[in-house]
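Novice: take a look and give me a structure for this.
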Amino acid sequence: MTQQGRLLVHAGTFAVLDAQGDAHGGHGTSPDGLFVHDARHLSRWELSIDGAAPQTLVAAGQDEDTTVVLTPAGTRDEPPRCTLFRQQALREGVLTEQIHVLSNVAHTTDILITLHVDVDFADQFELRTDRRTYPKPGATRTVTDSRDGVTFAYRREAWHATTVITAQPAPVITAPTPEGTSRLMSWQLTLPGHGSADLTVTVAPRAGGTDRTDDRAPTRSTAGHGRNRPAAGELAHEEALTTPGAHPDLARACSQGLTDLARLSVPATGPDGETLYVPGAGVPWFLTLFGRDSLLTSYFALPYRPGLANATLLALAATQATAYDAGRIAEPGKIVHEIRHGELAHFGQVPYGRYYGSVDSTPLFLVLLHAYVDRTADTALALQLERHARAAVEWMFRDGGLDGAGYLVYEADEQGLLNQNWKDSAGAICFADGTQASGAIAAAEVQGYAYDALRRTAALARTVWQDTAYADRLESAATRLRERFRDDFWMSARNFPALALDGDGRQADALASDAGHLLWSGILDIDDARAVGRRLLEPDFFSGWGIRTLAAGQTSYHPLSYHRGSIWPHDNAVIVLGMARSGLHTEAAAVAGGLLDVAAQHGHRLPEVISGYGREEAQRAVPYPHANSPQAWAAATPLALLTASAGRTES
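Specialist: Residues are numbered from 1 along each chain as shown. Alright, predicted model coming up:
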């Protein structure tokens, strides 16, 4: 997402505002307004002075402490008679605006300040670039004026949401048009010579929910549960992060990443009803718990913020599927892909309320559980989640496909995600000619995750659960998976693994970055791993900024495609960890250097994804137009690079 103004994020609520601090109800790549639980709770927020748009002396910045400075129109001979200092902050789900008005003249003067406000309660799925529409039978929007503000309300059957705007001092409230819901909140201020006045306006959204159940975000626990996450703003300062010997750009990127992870922290509920804070995937489209995203983010951050992994594992255990539900792709033991709280999810108009369309969240859950215990020696968590871990393993064998197809497989969900590995856009799992693979698809990197999950869970069974027979079973299954993977996936003519096997067992022969994940999981032997790692540094893969999702020159390659030629920092982070594990330290450093150059061009913040153009085509990394920023696993990528550079990777 391209940011031209200010982004405020806190505990699952976010606001996107322009350089003046306004919102105009935008759609598409840069939706603006105030959002909570997938709904827009402020769609219009436009300030004027004396009936006209102000001039900007100091624009909004990403820093929440930046004060916007505005004036009415003026000239050199007749300079503005007042100046407005506008501060905005988001805390505990409430947007607060403080306006300090300062007279610039020696005589008494009257100033008219107006805020034009409205709330459309649009679901985020309505605001995307595809502009799909969803029927909302019986839905009503109402507005109620009060002495000190205005309340906007939305109701559809039992589903309802509100936004309450209050001001001090109280404004004069008028309706611009009889048929609309927008309101003008105005203050007529009389300022003495060089005097001042202050206004405070608050916007308090109440997230959508029903009369019978509370679908709103949980409040922070006060029970003192030992594994609760700290408040979002505390995460970045939880402990000092030292980066001795690290390149200055890496140190800055790690610092920015921790700040962004703190901002992206969202509340979730654990197995015992406790409130946890977990990484939300990204702004603007994915500020919620995502299985794959939250797991990999937590893995990257594990050596530096182990509490993230703890909270993520507990939150995902609490939402693990326990029954079959074809509409949600749920099967017993499966780990959730994403959770949505919005109106369209509630009414089943999008399938993502609690959606299990992910083939890799389940093995990654097991990978992170073992990695967390290995890193922290917190065997209590492994004991607490033993039942969930065993259920996850059984899903891999039973419904995941290990006992049938021999691999973890998925089939397209026509109502949800056609692809269900990390490259989950339509057409992403393809042959070199661009044809989408079909049938029961076995994506290459997922088999590596499964192999690693089996080995790691066997280690937990042997050392923590004291179940030697179970450990032997899983180790044997891992060995067999590794052997058949080499036979079925390796393309001898190219000395490189296939992207996937389709439902007929054919190799999807596109050359793709997924192969680099196989170095991280350890499913390849060392010679194959090093061959793959070196191949990924060839110019068709490595742009100079990072490794492309698909190698350039193939029919299926497109530098502005989401998954068929773009560059994803988190994808590169997994590869760098794998390179370091395989002893390819020079190659790992080259990829890390490219990513850090990208970060330096974005204020040391890595975006979710960049375009696939190389250094020879553009002197700067070319943005991807629909990228989330900040985004959790991109924010955690510098931490993974730090781990790789410090030689802390696992084997």
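Novice: how about the contacts made by residue 383?
Specialist: By C-beta atoms under 8 Å, 6 or more residues apart in numbering, the contact list for residue 383 reads 464-465. Using the backbone N, CA and C atoms, a C-beta is placed for each residue, glycine as well.
Novice: so it lies in a helix, does it not?
Specialist: Yes - assignment of residue 383 by DSSP: H, G, I helix; E, B strand; the rest coil places it within a helix.
Novice: where's it relative to residue 467, distance?
Specialist: Applying C-beta to C-beta, to the nearest Å, the value for residue 383 to residue 467 is 12 Å.
Novice: flag the shaky bits of this structure, pLDDT-wise.
Specialist: For the chain, the stretches with pLDDT under 70 are 1-4, 29, 62-65, 129-131, 211-240, 244-245, 648-651.
Novice: what is the subsequent helix or strand relative to the longest helix seen in it?
Specialist: In the chain, with assignment by DSSP state H, the single longest helix is helix 468-489. Following helix 468-489 in sequence order, the next helix or strand is strand 490-491 (DSSP states H and E).
Novice: direction included, what does that next one pair against?
Specialist: In the sheet, strand 490-491 lines up against strand 496-497 (antiparallel) (DSSP bridges).
Novice: distance between the ends of stretch 335-354?
Specialist: 10 Å (C-alpha to C-alpha, to the nearest Å).
Novice: check which residues of it are buried.
Specialist: Neighbour-count burial for stretch 335-354, counted by 16 or more other C-beta atoms under 10 Å, picks out 335-347, 349-354.
Novice: what's the helix or strand for the residue nearest in space to the middle of the chain?
Specialist: Nearest to the mean C-alpha position of the chain, by C-alpha atoms, centre = their mean, lies residue 281 at 1.8 Å. Under the criterion of DSSP H and E, residue 281 resides in strand 275-282.
Novice: roughly how far is that strand from the heart of the chain?
Specialist: Centroid separation for strand 275-282 versus its chain: 9 Å, with C-alpha atoms, centre = their mean, to the nearest Å.
Novice: next secondary structure element downstream of it?
Specialist: Past strand 275-282, the next helix or strand by DSSP H and E is strand 286-289.
Novice: what's the strand holding residue 281 packed up against?
Specialist: strand 265-269, strand 286-289, helix 291-301, helix 306-318, helix 632-645 (3 or more C-beta pairs under 8 Å, 6 or more residues apart in numbering; DSSP states H and E).
Novice: nearest residue to residue 183 other than its sequence neighbours?
Specialist: Residue nearest to residue 183 in three dimensions, not counting chain neighbours: residue 150, with 5.0 Å by C-beta to C-beta, 6 or more residues apart in numbering.
Novice: partners of the helix or strand containing the one you found, with directions?
Specialist: Take DSSP H and E as the rule and residue 150 turns out to sit in strand 149-156. Next to strand 149-156 in the sheet, as set by DSSP bridges, lie strand 140-145 (antiparallel), strand 159-168 (antiparallel).
Novice: how far is stretch 414-423 from where the chain is centred?
Specialist: 17 Å.
Novice: same check on stretch 281-292?
Specialist: With C-alpha atoms, centre = their mean, you get 3 Å for stretch 281-292.
Novice: same question for stretch 433-449.
Specialist: 24 Å.
Novice: flag every buried residue along it.
Specialist: Per 16+ other C-beta under 10 Å, stretch 433-449 contains these buried residues: 436-437, 440-449.
Novice: in helices only, show me the residues you listed.
Specialist: Taking DSSP H, the ones among the buried residues of stretch 433-449 that sit in helices are 444-449.
Novice: could the residues you listed be laid out in a markdown table, adding distance to residue 161?
Specialist: Output for these, formatted as a markdown table (distance: C-beta to C-beta, whole Å):
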| residue | distance to residue 161 |
| --- | --- |
| 444 | 43 |
| 445 | 39 |
| 446 | 38 |
| 447 | 43 |
| 448 | 43 |
| 449 | 38 |
